[in-house]
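*Asks:* Show me how the following folds:
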Amino acid sequence: MPRIRRGFQLPKPARKALIYLTLWIAFVWSVFPFYWMIATSLRAREEIFQRPPSLVPHAVSLQNYVDLLVGAQFWRFALNSLILTLSVTVVSVLISVTAGYAMARHRFKGSVMLPLFMLYGQMFPPVLLLIPFYVQLRFLGWLDSLYGLIPVYLSYMLPLCVWLMRGFFSQVPFSLEDAARMDGCTRWQAFWKVILPMARPGIVAVATWVMIHTWNEFLYASTFILSEKKRTLPLGLSGLIGQYTTDWGVLMAGGVITAAPILLVFFFLQKHLVSGVGGGAVKG
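*Replies:* The predicted structure is shown next:
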């Protein structure tokens with residue numbers, strides 16, 4: 001019987017070194033844009049346009065942050081984003097929790113196909129909905145208003161949120177709820193005291209996902225917000241990009257400050273976010 005010749009294999013230390021090298025290259029490739037944004041925000045204006053550029057600022061300057069924060073416009077944009085993000089997050093969590101629980105616990109006509117149809121809406125790019133949304137908001141008189149953006153954001157965030165919460169509630173055994181009902185709890189008390197605490201990772205995942213997307217959303221805000229005082233942070237920062245010149249230092253400082261709250265939220269809640277998305281996506 002002929003012997004099977006194996007192909008050339010690298011020694012184990014060489015394979016390990018190659019894996020670590022690949023991971024380091026991927027890490028640097030991913031992190032470098034964020035580092036460059038922070039470094040540019042700390043440079044003096046004349047150093048930003050220096051050729052060739054330096055990787056490390058020669059002199060750290062906070063003037064870009066001062067120029068950004070002393071203006072009243074930045075705080076107005078930040079307040080608009082905060083109000084919009086909190087409103088959309090609260091409404092999304094309330095609706096997705098109740099709808100997800102109802103879809104997981106009750107069987108009705110179309111209960112199997114409904115979650116699939118909800119996810120089909122996520123397949124279409126948001127730009128396709130610009131004209132229908134614009135017509136509806138104009139008819140309702142909600143153009144150029146923050147509360148007009150709330151139903152727009154909910155329309156494409158809620159399907160995935162409800163689907164995730166349905167998957168989480170489906171993993172909770174019916175026996176726990178039945179035991180609570182036998183102990184004298186009403187359906188609402190069983191849901192509030194037994195089911196809801198077990199679904200906390202899913203709620204955190206949904207809330208975090210909605211917060212990130214609402215805080216950073218630009219397409220719909222740039223289309224439906226017309227006046228400068230109603231702008232959100234991403235839309236307000238885009239105003240720093242001029243036709244002939246751009247204040248890159250102030251723009252990068254704004255990018256750092258805008259990204260900081262989301263990074264902090266993700267850092268402290270990443271454990272719940274990963275387990276929530278994974279747990280909610282298992283059950284279908």
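
*Asks:* going forward, measure contacts and count neighbours with C-alpha atoms only.
*Replies:* Noted.

*Asks:* Quick check, central residue of the protein?
*Replies:* For the chain, the residue sitting closest to the mean C-alpha position, by Cα atoms, centre = their mean, is Ile212 at 2.6 Å.

*Asks:* quick one: low-confidence ranges for this structure?
*Replies:* For the chain, the stretches flagged by pLDDT under 70 are 1-8, 72, 110-112, 121, 243-244, 270-284.

*Asks:* change it to 50
*Replies:* For the chain, applying pLDDT under 50 flags the ranges 1, 276-284.

*Asks:* could you pull out the helices for it?
*Replies:* 12-41, 45-48, 63-69, 72-105, 114-120, 130-140, 146-171, 174-182, 187-190, 196-198, 200-216, 219-224, 233-238, 248-282 (DSSP state H).

*Asks:* could you redo these as TSV and give each row distance to Val56?
*Replies:* Converted to TSV, the helices of the chain look like this (distance: least, Cα to Cα, whole Å):
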stretch	distance to Val56
helix 12-41	7
helix 45-48	11
helix 63-69	16
helix 72-105	27
helix 114-120	45
helix 130-140	42
helix 146-171	40
helix 174-182	58
helix 187-190	58
helix 196-198	48
helix 200-216	28
helix 219-224	34
helix 233-238	24
helix 248-282	15
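
*Asks:* among the ones you listed, which is nearest Pro57?
*Replies:* Evaluated over the helices of the chain, closeness to Pro57 peaks at helix 12-41, with 6.4 Å, by Cα to Cα.

*Asks:* list the buried ones in that closest one?
*Replies:* Buried positions in helix 12-41, judged by neighbour count with 16 or more other Cα atoms under 10 Å: Met37, Ile38, Ala39, Thr40, Ser41.

*Asks:* roughly how far is it from the heart of the chain?
*Replies:* Remark: helix 12-41 is offset 24 Å from the chain centroid, using Cα atoms, centre = their mean, to the nearest Å.

*Asks:* what does stretch 116-126 give?
*Replies:* Mean-position distance between stretch 116-126 and its chain equals 17 Å (Cα atoms, centre = their mean).

*Asks:* Can you list the buried residues in it?
*Replies:* For stretch 116-126, burial by neighbour count (16+ other Cα under 10 Å) applies to Met118, Leu119.

*Asks:* and that stretch, how far apart are its ends?
*Replies:* 18 Å (Cα to Cα, to the nearest Å).

*Asks:* How about residues contacting that stretch?
*Replies:* Defining contact as Cα atoms under 8 Å, 6 or more residues apart in numbering, one finds that stretch 116-126 is touched by Tyr156, Pro159, Leu160, Trp163.

*Asks:* Count the neighbours of the last one for me.
*Replies:* Right, the one you point to is Trp163. As a burial measure, Trp163 scores 25 neighbours (other Cα atoms under 10 Å).

*Asks:* follow-up on the earlier one: grab the nearest non-local neighbour of the residue nearest to the centre of the chain.
*Replies:* Spatial nearest neighbour of Ile212, excluding adjacent residues (Cα to Cα, 6 or more residues apart in numbering): Ile262 at 6.3 Å.

*Asks:* just to revisit the earlier point, how far away is the residue nearest to the centre of the chain from Met182?
*Replies:* Counting by Cα to Cα, the separation of Ile212 from Met182 is 41 Å.

*Asks:* again, but for Ile241
*Replies:* From Ile241 to Met182 the distance is 64 Å (Cα to Cα).
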